[in-house]
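**Student:** the following block contains a protein sequence and its predicted model.
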Amino acid sequence: MSALNGTWTLEKSENFDEFMKELGVGLILRKAGNMVTPTLIISNQGNKWSIKMRSTFKNTDDDFNLGEEYDDETTDGRKVKSLYNLDGDKLICEQRDRKTRALQVTAVRSVNEEGKMIEVKLINNYLKVL
């Protein structure tokens with residue numbers, strides 16, 4: 001079992017509007033994204049993982065196997081190929097454009113010393129959100 005298993009509610013977000021703007025998300029969708037307080041429900045059994053995101057704006061369900069790329073649609077509607085892997089206690093997701101295969105976003109989730117889940121997102125491997 002992973003330390004990430006459980007229910008996590010957003011407490012704070014830094015630079016999220018800039019992150020979404022960099023991805024080309026429009027103003028209305030960015031405003032909505034900045035107003036919601038999503039809850040993530042993460043579970044796993046071996047290499048099989050489930051991440052459910054619940055919010056007043058949109059709900060998503062991602063079920064995947066570590067190391068297996070799959071077709072995905074992001075909350076903002078981008079069509080990507082997602083690939084999850086573990087690096088120690090960090091769950092890392094790479095999202096690539098389905099057509100060009102260009103890396104768009106890398107998301108790294110881990111649990112800190114205080115028992116809080118931290119998610120760091122990078123665009124094209126440049127740190128954008130802390």
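**Tutor:** Perfect, I can see it now.
**Student:** please enumerate the strands of the chain.
**Tutor:** For the chain, the strands defined by DSSP state E cover 6-9, 39-45, 48-54, 60-65, 70-73, 79-87, 90-97, 103-111, 117-123, 126-129.
**Student:** shaky segments in this protein?
**Tutor:** Scanning the chain for pLDDT under 70 picks out 1, 125-130.
**Student:** send me the longest helix along it as PDB with only the CA atoms.
**Tutor:** Longest helix in the chain by number of residues (criterion: DSSP state H): helix 27-35. Only the C-alpha atoms of helix 27-35 are listed here, as PDB (Å, rounded to 0.1, in the frame of the first residue of the first chain):
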ATOM      1  CA  LEU A  27     -10.300  32.600 -19.000                       C
ATOM      2  CA  ILE A  28     -13.700  31.200 -18.100                       C
ATOM      3  CA  LEU A  29     -12.300  27.700 -17.500                       C
ATOM      4  CA  ARG A  30      -9.400  29.200 -15.500                       C
ATOM      5  CA  LYS A  31     -11.800  31.100 -13.300                       C
ATOM      6  CA  ALA A  32     -13.800  28.000 -12.600                       C
ATOM      7  CA  GLY A  33     -10.700  26.000 -11.900                       C
ATOM      8  CA  ASN A  34      -9.400  28.500  -9.400                       C
ATOM      9  CA  MET A  35     -12.700  28.500  -7.500                       C
END
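**Student:** buried residues of that helix, list them for me.
**Tutor:** By neighbour count with 16 or more other Cβ atoms under 10 Å, helix 27-35 contains the buried residues 30, 32, 33. (C-beta placed from N, C-alpha, C; glycine too.)
**Student:** residues in contact with the residue nearest to residue 25 when sequence neighbours are not counted?
**Tutor:** Excluding its sequence neighbours, the residue lying closest to residue 25 (Cβ to Cβ, 6 or more residues apart in numbering) is residue 76, at 4.8 Å. Counting by Cβ atoms under 8 Å, 6 or more residues apart in numbering, residue 76 touches 20, 23, 25, 29, 33.
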